[in-house]
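>>> Here is my input; please provide its structure:
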Amino acid sequence: MFSSPYTLELSESDRIELEALARSRTTSAALVQRAQMILAMADDTPYSVLTERFRTSPTTLTRWRKRFAASGVAGLSDRIKKGRGHGITAKAEARILAETKNPPPEPLTHWTSRRLGKKLGYSHMTITRVWKRNGIKPHRIEGYIASNDPDFETKAADIIGLYLDPPAHAAVFCVDEKTAIQALDRTLPVLPLSPGRAERHGFEYVRNGTLSLYAALEVHTGRVEGMTAERHTSEMFLTFLDQVLASQPQGRELHIICDNLSAHKTKAVKEWLDTHTTVTIHYTPTYSSWLNQVEIWFAKIQRDLIDRGIFTSTSDLRRKLMSYIRLHNRDCRPFRWTYRNTKRRIRVNEKPVTAH
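You can find the predicted model right below:
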């Protein structure tokens, strides 16, 4: 049985970059796998486990460990082969990658291939090829927000525990409301897709009002309970909880995961909980809606129905929303909740990490 030759230590910046690569859906599969290998080796996973997991040999594992130890994350990329190759040396590629991480001249916000090529003396196609090989896309930006909840770890662990190890004979529901869904009607007919041409919608539309959609995702079946409302108030929230409770066998213990919206924490809600002793509400930490699985389902209904839907009235919108829920429940499946590195604790981001 092979074991890891020695512990591979990662800096915080390297770990963040490797985890981003390991999750990437656009980077090459080979580079994603190498990032996963390095993360696993850093967690002291035995070679015997890694060879089976990645269907590779101990020699290959050792090669990438040495490449990473010598050159960092950049060492995981394929080296330039003999022959015509990429037409650029490894040193020049490293220079391009290093400069890409530096900010462009003010007041510019990001590099373009032509802008960086002009500064470094390379063609924009050379810059583009280097970026593509290393999974770099300076034109893209992603948003994030750090939780300032002092009890973040405790609350997050409580919710993740409900996903992974729920109480016996209990149901776990993720509850939230999708507010201000617009009933938009197009003034021009939709032109269907055809070879070489996408489906086309008229630019102008008519607003026919809005609705809020309450949804409760049963975590371990994927089934959804839904209710529409003209407003999202504490009273409507309790009406929806009554509906969820009525859908379950009498006396069954319910655990409700929801966010910290004021309508979820009113005096009326507390009184309702006092009279419904089988129901427990678990609040997500502040700025942590990603912990609530119903947000994943909201993204699905947004893509499948709302973005391209045509609604002649709020009644039409309500009918189509509820029809979508019934369709979803016919063959629903639970979301797979995984946590890649169980040795790392989820922490509140107290201060930004600075890469050196």
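>>> How about the contacts made by the spatially closest residue to E218 that is not a sequence neighbour?
In space, and not counting its chain neighbours, E218 is closest to F173: 5.6 Å by C-beta to C-beta, 6 or more residues apart in numbering. Quick note: C-beta positions are derived from backbone N, CA and C, even for glycine. Going by C-beta atoms under 8 Å, 6 or more residues apart in numbering, F173 touches A216, L217, E218, V219, E225, V244, L254, H255, I256, I257.
>>> if we take those residues, which one ends up nearest to S123?
L217 (50.4 Å; C-beta to C-beta).
>>> Figure out the helix or strand that the closest one lives in.
Assessed by DSSP states H and E, L217 sits inside strand 205-218.
>>> Any buried residues in that strand, and which?
N208, L211, S212, L213, Y214, A215, A216, L217, E218 (16 or more other C-beta atoms under 10 Å).
>>> Spell out the secondary structure type for the residue nearest to E218.
When classified by DSSP: H, G, I helix; E, B strand; the rest coil, F173 comes out as strand.
>>> hang on, the earlier thing: any idea which of the buried residues of strand 205-218 is closest to R63?
Minimum distance to R63 across those is 44.1 Å, recorded for L217 (C-beta to C-beta).
>>> hmm, back to that, quick one: name whatever helix or strand follows the strand holding L217.
strand 224-229.
>>> What are the contacting residues of that following strand?
By C-beta under 8 Å, 6+ apart, the list of residues contacting strand 224-229 from outside reads 173, 177, 211-218, 236, 239-240, 243-244, 247, 297, 317-318, 321-322, 325, 328-329, 332.
>>> could you check the angle strand 205-218 makes with that strand?
Counting by axes from the mean of the first three to the mean of the last three C-alpha atoms, to 10 degrees, strand 224-229 points 140 degrees away from the direction of strand 205-218.
>>> and the spatially closest residue to R333 that is not a sequence neighbour, how many neighbours?
Leaving aside its chain neighbours, R333 sits nearest to G222 (4.7 Å; criterion: C-beta to C-beta, 6+ apart). Neighbours of G222 under the rule other C-beta atoms under 10 Å: 16.
>>> Format the CA atom coordinates belonging to the helix or strand bottoming out on mean pLDDT in the chain as PDB.
Lowest mean confidence among the helices and strands of the chain (mean pLDDT, DSSP states H and E): helix 12-23, at a mean of 88. Coordinates of each C-alpha in helix 12-23 appear next as PDB, following Å, rounded to 0.1, in the frame of the first residue of the first chain:
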ATOM      1  CA  GLU A  12      -3.900  30.100   1.700                       C
ATOM      2  CA  SER A  13      -3.700  31.800  -1.700                       C
ATOM      3  CA  ASP A  14      -2.600  28.500  -3.400                       C
ATOM      4  CA  ARG A  15      -5.500  26.600  -1.700                       C
ATOM      5  CA  ILE A  16      -8.000  29.200  -2.900                       C
ATOM      6  CA  GLU A  17      -6.700  29.100  -6.400                       C
ATOM      7  CA  LEU A  18      -6.600  25.300  -6.500                       C
ATOM      8  CA  GLU A  19     -10.200  25.000  -5.100                       C
ATOM      9  CA  ALA A  20     -11.400  27.400  -7.800                       C
ATOM     10  CA  LEU A  21      -9.700  25.200 -10.500                       C
ATOM     11  CA  ALA A  22     -11.000  22.000  -8.900                       C
ATOM     12  CA  ARG A  23     -14.600  23.400  -9.200                       C
END
